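K.L.:
3D model of this:
(chains A and B)
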Amino acid sequence: AVSLGAIAGRGRATEGLEPNSFEDITSYNNFYEFGTGKEDPARYAHEMTTAPWSVTIDGMVDKPGSYDLAALTDGMTIEERIYRFRCVEAWSMVIPWNGFELRGLLDRVGVQPGAKYVAFETLYRPDEMRGTRSRIIDWPYREGLRLDEAMHPLTILATGLYGKPMPNQNGAPIRLVVPWKYGFKSIKSIVRISLVAEQPETSWNMIAPNEYGFYSNVNPAVDHPRWSQATERRVGGGLFAARQDTLMFNGYEDEVAGLYEGMDLKRFY
Amino acid sequence: MDLAAEVTRRARRVPVWVIYVLGLAPMGWLFWLGLTGGLGPEPIKALEHRYGLIALQLLVAGLAITPLCRIARVNLMRFRRAVGLLAFAYVTAHLLVWLLLDLRSLSLIWQDLVKRPYVTIGMAGFACLVPLALTSNDRSVRALGPRWRRLHRLTYVAVPLGAVHFVMLVKGWQWEPLAYLAAILGLLALRLRLVRSAFQQA
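P.N.:
Model prediction:
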């Protein structure tokens, strides 16, 4: 059931976006659990079992527990969201996700007043995820959002793309999508969601805190220490595709700038 | 011992032009793949990386030729210039993809050059290779005499710079660039008199 109705009101930022092909989206991925090469996830992610799947929801919630995937998505309206996707490596795509707003789930499990952040974890199963046998990341992969970011209507849990169930290399069966942040924030194959009081540790920030901040909002004015973030190349344009300018908050400035009012975005990168 | 002599004997029958042809073939082949979708949805980066990696592999091969001869008695010295020049050709192709297909803007190039240490280091490595490529002909070898050998020790600077460039550009500490760096440092260590004499006594 794909419905566009719910995003019609805030669809301005997504108008005129031509999605990348299914082939592009499913053959060029970063998912280090399956290797560091862009083609590794497409090659090896089929080794991951995604059914049965359950997600542990714990921490400061009224209804903690282990939720089976069907229970998690039950009653949620799966919508199509055509979002820009900007990788921290300065490439980008446009992806037609299918998913539901994270806030719907958070409302259902009941967030307690002391909770300020949401922490997420990816599946860690070395015998099915060959990339995790190398210690490049302190597994499991972790990500986190401030509660107001998690409750923002643009933030979704995606269960598919192009109307198909989520391909394994894109984070089956359920992943986060936060379109105004660099791609690594949109954690894949989620098995745990924790409501916590303190800012959680996040994987890339643990590896290189000077390069990857907790916020990691797309920002053309704040460079990665090793490369510029002012421009990006849209994947799929062939050998002669030019770079294009990167947009503040990846083009979602009108919707999300308010979340960061008064914050020094050079400091909280 | 016999094996080394056999390899040397067989290699002697291979004309040097064969090395040039075989060495340059992947450059054209990869470009064609990039044009026709064979390098995936982001062919510019793919081409940039593939040329850079082949360049590094050729540089390692070039560094290995002398110790192979001295320690293992496998004599491939007659291919050394070809390997070096091929490496230079791939470094140049790598650089051209970056300039002409990837960045395409003088201001972006300049910013990267001054602000990004891995770009600065890669460029320094390339700068070291230019005089070596220019003096790789017989006439220069004769004209420079003993200074030619001294000049060509710049390889010992250029090659590790290439590996450091690779280590610095990937996300996190990945084993592949570190393996290249280790191999290069190992090959350079074999040139130290102390290490060399230890091997020769053994």
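K.L.:
ok, A:Arg192 - contacts?
P.N.:
Residues in contact with A:Arg192 (C-beta atoms under 8 Å, 6 or more residues apart in numbering or on different chains) are A:55-58, A:119-121. To be clear about C-beta, it is placed using only N, CA and C from the backbone, and glycine gets the same treatment.
K.L.:
which of the residues you listed are buried?
P.N.:
With neighbours counted by 16 or more other C-beta atoms under 10 Å in any protein chain shown, the contacts of A:Arg192 contain buried members at A:55, A:57, A:119-121.
K.L.:
Please name the nearest non-neighbouring residue to the residue of chain B found nearest chain A.
P.N.:
In chain B, the residue found nearest to chain A is B:Pro41; the distance is 4.2 Å by C-beta to the nearest C-beta. Excluding its sequence neighbours, the residue lying closest to B:Pro41 (C-beta to C-beta, 6 or more residues apart in numbering or on different chains) is A:Asp24, at 4.2 Å.
K.L.:
what does the host helix or strand of the one you found rub up against?
P.N.:
A:Asp24 belongs to helix A:22-27 when assigned by DSSP states H and E. Residues outside helix A:22-27 that contact it (C-beta under 8 Å, 6+ apart): A:19, A:39, A:42, A:93, A:95, A:161-162, A:164, A:167, A:169-170, A:235-236, B:40-41.
K.L.:
Just the ones in strands from those residues, please.
P.N.:
Using DSSP state E, A:93, A:95, A:161, A:164 are the members of the contacts of helix A:22-27 that sit in strands.
K.L.:
Which of the residues you listed sits closest to A:Thr50?
P.N.:
Closest to A:Thr50 out of the ones in strands among the contacts of helix A:22-27 is A:Lys164 (13.5 Å), distances taken as C-beta to C-beta.
K.L.:
who does the host helix or strand of B:Ala143 touch, helix- and strand-wise?
P.N.:
Using DSSP H and E, the element containing B:Ala143 is helix B:138-144. If contacts are counted by 3 or more C-beta pairs under 8 Å, 6 or more residues apart in numbering or on different chains; DSSP states H and E, helix B:138-144 sits against helix B:146-152.
K.L.:
Need the nearest residue in space to B:Phe199, chain neighbours excluded.
P.N.:
In space, B:Phe199 is closest to B:Ile71, 5.0 Å off (C-beta to C-beta, 6+ apart).
K.L.:
Check the burial of the one you found by counting its neighbours.
P.N.:
Using other C-beta atoms under 10 Å in any protein chain shown, B:Ile71 has 15 neighbouring residues.
K.L.:
thinking again about what came up before, could you save the ones in strands among the contacts of helix A:22-27 as CSV and add columns showing distance to A:Leu145, pLDDT and neighbour count?
P.N.:
CSV is the format used below for the ones in strands among the contacts of helix A:22-27 (distance: C-beta to C-beta, whole Å; pLDDT from 0 to 100; neighbours: other C-beta atoms under 10 Å in any protein chain shown):
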residue, distance to A:Leu145, pLDDT, neighbour count
A:Met93, 21, 98, 22
A:Ile95, 19, 98, 23
A:Leu161, 21, 98, 24
A:Lys164, 26, 98, 10
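K.L.:
Specify which member of those is nearest to A:Asn30.
P.N.:
A:Met93 (11.7 Å).
K.L.:
just to revisit the earlier point, list the contacts for the residue of chain B closest to chain A?
P.N.:
Applying C-beta under 8 Å, 6+ apart, one finds that B:Pro41 lies in contact with A:20-21, A:23-24, A:27-28, A:235-236.
K.L.:
Neighbour-wise, give me the winner out of the residues you listed.
P.N.:
Counting neighbours by other C-beta under 10 Å, A:Val235 leads the contacts of B:Pro41 with 25 neighbours.
K.L.:
Check the gap between that residue and B:Lys45 for me.
P.N.:
Taking C-beta to C-beta, to the nearest Å as the measure, A:Val235 falls 9 Å from B:Lys45.
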